[in-house]
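[1] need a 3D model of the sequence below.
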Amino acid sequence: MDSLISKDSSSNPDRIPAMRRRACIPCTSSKRRCDMTRPSCERCLDKQVACRYSSARLYARRGIKSKPSGVTEPEASLNSPFSALFESGDDECDESYNGGNYHRSDGATNSSDSPAWFLQAEHWVIHYHEDRPSPPPYVRSSAVRQYILCVKKWLQQWVECGHCPMIHKSLFADTKLPPCLQDAYAALAVYSFKNDKNEDVVMQHIEDKANSLLEEHSAHQDLLIDPFVPSCSLTTVQHLARVLALIIYQFIRLFDGNIRHRAQAEKYIPLLKSWTCQLWSSVNIDVTVQNTFGGDYLISQENADATVKLWRTWLLMESVRRAWKVSAYMRCIYYVFRDGTAPCEGTIDFTARRGLWDATSAPMWRRLLEQKDPLFAVPFESAWLLDATTPKDIDVFGLATMSISVDSDKLDSWIANSSDMHLEGLLMAT
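    Predicted coordinates for the structure are as follows:
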């Protein structure tokens with residue numbers, strides 16, 4: 001009987017028994033009703049999006065509870081600026097293959113249990129703290145301001161060293177630094193010399209470079225508007241490069257203090273969100289649909305070439321995560337400082353283990369993975385880190401993430417138990 005069903009289903013997809021038919025990936029991702037018509041459902045045809053079906057469920061099964069009618073989305077307040085990061089989200093990133101919610105029972109991932117954990121579909125979801133048995137963590141405004149100082153320092157490190165917690169020096173080793181990031185690098189270098197006398201010239205340079213980035217992608221005009229338009233014309237690396245470049249220009253212009261340039265940058269906040277969602281969609285397609293990277297195969301190989309390929313793949317995946325987080329947090333912080341509230345952004349898993357990002361070679365990176373858990377965590381479920389680790393175990397990007405996602409008082413106590421330094425000192429330490 002099973003063989004007959006399988007044979008009949010493969011020859012005529014429309015005759016698949018109802019119990020085996022599943023909604024398409026776009027409808028599942030956006031939590032919309034799907035008529036399951038093949039090869040394309042009616043909703044995907046109406047929205048002019050690529051309709052894809054999978055024979056196996058790619059995403060976590062836990063759904064998001066529907067909200068009672070008339071209930072509005074919670075927003076962040078100045079008392080807890082980042083509560084917006086833990087609430088239910090809007091539909092824009094739902095339309096970007098977020099894959100629903102996924103919660104681990106212990107909040108961690110052990111690399112020995114899942115060697116290529118960073119390529120597993122369940123780790124490429126956007127989390128929303130829908131149940132909220134307790135209020136969102138209290139995060140001091142000073143910690144939020146400190147996060148902005150951290151990003152500023154990271155960008156300075158990139159200019160001076162070619163490496164920082166946001167952009168790894170080996171990220172583009174195979175493709176070379178993309179032109180749009182070369183321009184952003186030059187703009188940052190010029191900006192580092194800004195003073196009262198040359199401010200106009202420097203900021204004009206920043207504006208011109210930002211406009212050039214937008215003009216470069218004007219051929220993808222639909223991509224500038226709709227985050228769910230199929231973006232097959234750009235690879236994940238190209239998506240990442242333009243998001244990083246736009247983050248740099250937006251960060252400079254939003255937080256520089258120049259009123260005119262801040263007003264101009266505000267116009268492109270939705271664009272940054274759109275590009276970031278498209279980046280997330282691209283890597284989700286690579287991981288869940290196209291199986292582009294073959295991580296399980298690479299991890300099974302003992303030769304040096306496979307280790308290097310796996311390391312480079314992890315660098316790309318982790319760079320996508322870090323770009324997503326900086327993009328989301330930067331936008332949320334700006335809205336909180338400007339309006340006192342911020343729209344929901346959701347949050348994603350992050351790799352907290354110190355040393356993995358700064359490993360200078362593939363063998364060193366793999367050896368660290370074999371010796372220690374990568375400390376892969378969800379920000380709002382990262383309280384277990386306070387019991388299982390000390391600040392010395394967490395890299396600076398992880399500490400910065402925790403500083404705006406973990407209760408400030410609890411974080412201070414955790415640091416005081418094992419270190420003489422305060423949070424600001426740990427974040428700004430070289």
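[2] wait, isn't V237 in contact with M317?
    No. The pair V237 / M317 is not scored as a contact, 11.5 Å apart, by C-beta atoms under 8 Å. (Glycine included, C-beta is placed from N, CA and C.)
[3] quick one: which of these two has more around it?
    The neighbour count for V237 versus M317, taken as other C-beta atoms under 10 Å, is higher for M317 (23 against 16).
[4] next secondary structure after the helix or strand hosting that one?
    Using DSSP states H and E, M317 maps to helix 304-339. Next helix or strand after helix 304-339 toward the C-terminus (DSSP H and E): strand 350-351.
[5] that following strand packs against which elements?
    helix 304-339, strand 376-377, helix 396-403 (3 or more C-beta pairs under 8 Å, 6 or more residues apart in numbering; DSSP states H and E).
[6] what's it in contact with?
    Applying C-beta atoms under 8 Å, 6 or more residues apart in numbering, the contact partners of strand 350-351 are 118, 318, 321-322, 325, 357, 374-377, 379, 397-398, 401.
[7] where is pLDDT lowest across these?
    Scanning the contacts of strand 350-351 for pLDDT, the low point is P379. It has 67.
[8] quick check: G355 touching V396?
    No. At 11.3 Å, G355 does not count as touching V396 under the criterion of C-beta under 8 Å.
[9] which elements pack onto whatever helix or strand L369 lives in?
    Element membership for L369 (DSSP H and E) is helix 362-371. Applying 3+ C-beta pairs under 8 Å, 6+ apart, one finds that helix 362-371 contacts helix 304-339.
[10] buried residues in the helix it packs on?
    Of the residues in helix 304-339, 306-337 count as buried by neighbour count, 16 or more other C-beta atoms under 10 Å.
[11] tilt between that helix and helix 362-371?
    Angle, helix 304-339 to helix 362-371, by axes from the mean of the first three to the mean of the last three C-alpha atoms, to 10 degrees: 80 degrees.
[12] what about the stretch 251-400 of the chain, any weak spots by pLDDT?
    290-302, 379-382 (pLDDT under 70).
[13] please repeat the previous calculation with a cut-off of 80.
    288-304, 343-344, 378-384 (pLDDT under 80).
[14] same question, the stretch 51-200 of the chain
    Low-confidence segments of the stretch 51-200 of the chain (pLDDT under 80): 51-117, 121-122, 128-136.
[15] roughly how far apart are T307 and W154?
    Counting by C-beta to C-beta, to the nearest Å, the gap from T307 to W154 is 27 Å.
[16] neighbours of the nearest residue to C161 once chain neighbours are set aside, how many?
    Here the nearest residue to C161 in space, its sequence neighbours aside, is K169; by C-beta to C-beta, 6 or more residues apart in numbering that works out to 7.6 Å. Residues lying near K169 (other C-beta under 10 Å) number 14.
[17] rewinding a little: dump the helices and strands packed on strand 350-351 to TSV, plus distance to P363.
    As requested, the helices and strands packed on strand 350-351 are exported to TSV (distance: least, C-beta to C-beta, whole Å):
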stretch	distance to P363
helix 304-339	6
strand 376-377	21
helix 396-403	22
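[18] out of those, which gets nearest to R32?
    R32 lies closest to helix 304-339 among these, at 23.2 Å (C-beta to C-beta).
[19] helices or strands next to that closest one in the packing?
    Helix 304-339 sits against helix 141-161, helix 236-255, helix 269-284, helix 295-300, strand 350-351, helix 362-371, with contacts defined as 3+ C-beta pairs under 8 Å, 6+ apart.
[20] OK, contacts around A210?
    Contacts of A210 by C-beta under 8 Å, 6+ apart are 246, 249, 253, 268.
[21] quick check: the third one vs Y334, distance?
    Yep, that's R253 we're talking about. According to C-beta to C-beta, R253 stands 11 Å off from Y334.
[22] swap in the last one?
    Between Y268 and Y334 the computed distance is 12 Å (C-beta to C-beta).
[23] and what of the second one?
    Using C-beta to C-beta, Y249 is found at 14 Å from Y334.
[24] P165 contacts F397, correct?
    Yes. In this structure, P165 is within contact of F397 by C-beta under 8 Å, at 4.1 Å.
[25] identify the contacts common to the two.
    322, 357.
[26] which of the two has more neighbours?
    Ranked by neighbour count (other C-beta under 10 Å), P165 and F397 place F397 first, with 24 against 21.
[27] list the contacts of the more buried one.
    By C-beta under 8 Å, 6+ apart, the residues touching F397 are 165-166, 322, 350, 357.
[28] can you pick out the most distant pair from the residues you listed?
    Among these, M166 and F350 lie farthest apart (C-beta to C-beta), at 12.7 Å.
[29] what do the two both touch?
    Common neighbours of M166 and F350 (C-beta under 8 Å, 6+ apart) are 322, 397.
[30] kindly report the domain assignment for this structure.
    Domain ranges of the chain: 17-57, 83-174+275-428, per automatic domain parsing.
[31] of the ones you listed, flag the one that's most buried.
    Most buried of those, by mean neighbour count (mean count of other C-beta atoms under 10 Å): domain 83-174+275-428, with a mean of 19.
[32] tell me which residues touch W124, please.
    W124 sits next to 99, 280, 283-284, 287-288 when contact means C-beta under 8 Å, 6+ apart.
[33] and these, which is closest to Y128?
    The nearest one, if we look at these relative to Y128 and count by C-beta to C-beta, is G99, at 11.9 Å.
[34] surely V151 touches M166?
    Yes. When contacts are counted by C-beta under 8 Å, V151 is listed as touching M166 (7.4 Å).
[35] give me the common contacts of the two.
    Common neighbours of V151 and M166, counting by C-beta under 8 Å, 6+ apart, are V326.
[36] what about V287, distance to R312?
    V287 sits 15 Å away from R312, going by C-beta to C-beta.
[37] likewise R242?
    Taking C-beta to C-beta, one finds R242 at 20 Å from R312.
[38] again with P136
    Going from P136 to R312 by C-beta to C-beta gives 37 Å.
[39] kindly report the same for S408.
    For S408 relative to R312 (C-beta to C-beta), the value is 37 Å.
[40] and S274, how many neighbours?
    Counted by other C-beta under 10 Å, the residues lying close to S274 total 21.
[41] how near is the closest residue to A121 other than its chain neighbours to L279?
    Once flanking residues are discounted, A121 sits nearest to T288: 4.4 Å by C-beta to C-beta, 6+ apart. Distance, T288 to L279, using C-beta to C-beta: 15 Å.
[42] now swap in A143 and tell me
    Using C-beta to C-beta, one gets 27 Å for the distance from A143 to L279.
[43] alright, I will stop here.
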